[in-house]
Every structure is written in structure tokens, then in C-alpha cells.
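**Student:** no FASTA, just this:
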């Protein structure tokens with residue numbers, strides 16, 4: 001987005017290592033940084049929420065998103081103080097690594113199910129930091145949005161076959177009449193069996 005507006009070179013993001021960072025207008029420059037306002041909607045604004053991770057990512061990416069210096073909603077705000085090292089650990093996937101190791105020791109079966117793709121790819125918890133850093137470098141090198149590959153010929157999305165097509169008014173009436181006739185037939189049969197006894 002910044003590249004489209006011509007702001008990617010003037011207001012390039014930075015690796016803040018989890019510290020407080022807000023993009024500010026450079027003195028003497030007519031172009032202001034791209035400003036966005038965080039609208040959380042109905043999402044809960046609990047400390048460490050993904051909403052605030054997105055806010056941090058946008059700020060580090062070079063977008064001016066006004067927010068307080070207290071950082072009380074970021075991961076790493078513990079006991080009334082903000083610890084940027086904890087937030088940095090979250091940014092590079094340290095919490096995922098810790099969870100992988102914990103689950104591997106406590107419940108290997110669940111670990112095998114939950115991290116099957118990681119295991120198949122040969123990725124361990126220690127590899128995650130390098131993977132995240134490599135991804136960040138690639139995004140900074142080429143921030144352009146890459147279009148998804150076209151679906152192959154004959155590809156069909158999953159269709160729930162149980163879902164019936166909408167019936168017309170005449171079809172609904174006919175269906176109701178057949179159900180009614182069937183029920184009346186069963187009722188007559190029961191009456192005739194009761195009279196014979």
C-alpha cells in the first residue's frame with residue numbers, strides 16, 4: 001500500500017525489536033505518513049490479543065497508527081510495566097516454540113496431530129525464529145501483494161449435497177399434499193387394525 005502511494009521509501013518501516021515505535025512526519029517534508037486508525041469492532045481488547053499484534057506489525061511496517069505510549073495491551077505488559085523483550089519473543093514465534101516443546105514432553109500423540117505439517121517438513125521449535133526472520137526479510141524486500149495461483153481446471157469447491165434447492169410455491173403445496181396423504185393412509189391402517197382387535 002505504501003508503494004502505491006509513493007511512501008515506501010520516505011516512511012520505511014523498521015525492526016523495532018518490540019519497542020514502542022510510531023511513524024512521524026519528517027520535518028520539511030510535504031508528504032505525511034499514511035495514517036490508519038485501529039477499529040477493533042466487536043473484538044475483545046484483552047492484553048496480548050492478535051488485534052494488537054496487527055497494530056504492532058502495521059506500525060513497524062511504516063504505517064502511522066496512533067496509539068498510546070503505555071503499550072498496556074501488547075504482549076509483554078506484565079505487572080504494570082512493558083517488557084519489549086517479551087513482545088519481541090512473540091513476534092518471532094517464541095511462544096509457539098515453547099508450546100511445541102511443552103506439548104512434545106507432556107502429550108506426544110497430541111503433538112504429532114497438532115504439528116503434523118511441521119514434523120513432515122522437518123521443522124522444530126528451534127527453527128521457528130529463523131523462519132519468522134526470513135519471512136520478515138522477504139516481506140521487506142518485496143512488499144507487493146502476490147496474487148494467488150489460479151485453481152486448476154475442473155476444480156470444484158466443496159458443495160454440501162444435503163442442502164436442497166429452494167422449492168416453488170406449487171412444489172411446496174404438492175409436497176405437503178403427498179405427506180398429508182401418506183399420513184392419512186397410515187392413520188386409516190392403524191384404525192382398521194384397532195377395529196379388527
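**Tutor:** That came in fine, so what should we check first? Since the structure is predicted, the reported quantities are computational estimates derived from the model, not experimental observations.
**Student:** Give me the distance between the residue most central in space within the chain and residue 144.
**Tutor:** The centre of the chain sits closest to residue 50, judged by C-alpha atoms, centre = their mean, with a distance of 8.6 Å. To residue 144, residue 50 is 24 Å away according to C-beta to C-beta, to the nearest Å. Using the backbone N, CA and C atoms, a C-beta is placed for each residue, glycine as well.
**Student:** For the chain, which segments count as strands?
**Tutor:** Remark: strands assigned in the chain by DSSP state E are 77-78, 81-82.
**Student:** quick check: mean pLDDT across the last one?
**Tutor:** Confidence over strand 81-82 (mean pLDDT, whole number) is 78.
**Student:** about what we covered before: residue 193: which of the strands of the chain is closest?
**Tutor:** With C-beta to C-beta, the closest approach to residue 193 among the strands of the chain belongs to strand 77-78: 75.4 Å.
**Student:** what's in contact with the closest one?
**Tutor:** Residues outside strand 77-78 that contact it (C-beta atoms under 8 Å, 6 or more residues apart in numbering): 47, 48, 71, 83, 86.
**Student:** pull the longest helix from this protein.
**Tutor:** Across the chain, the longest stretch assigned as helix under DSSP state H is helix 169-196.
**Student:** Give the buried residues for it.
**Tutor:** Residues of helix 169-196 include none that count as buried (16 or more other C-beta atoms under 10 Å).
**Student:** Give the burial count for residue 139, as a bare number.
**Tutor:** 13 (other C-beta atoms under 10 Å).
**Student:** With residue 75 instead?
**Tutor:** 23.
**Student:** Leaving out chain neighbours, which residue sits closest to it?
**Tutor:** Excluding the flanking residues, the one nearest residue 75 by C-beta to C-beta, 6 or more residues apart in numbering is residue 48, at 4.0 Å.
**Student:** I figured the one you found was touching residue 72, is that so?
**Tutor:** No. Checked against C-beta atoms under 8 Å, the pair residue 48 and residue 72 is beyond contact range at 10.6 Å.
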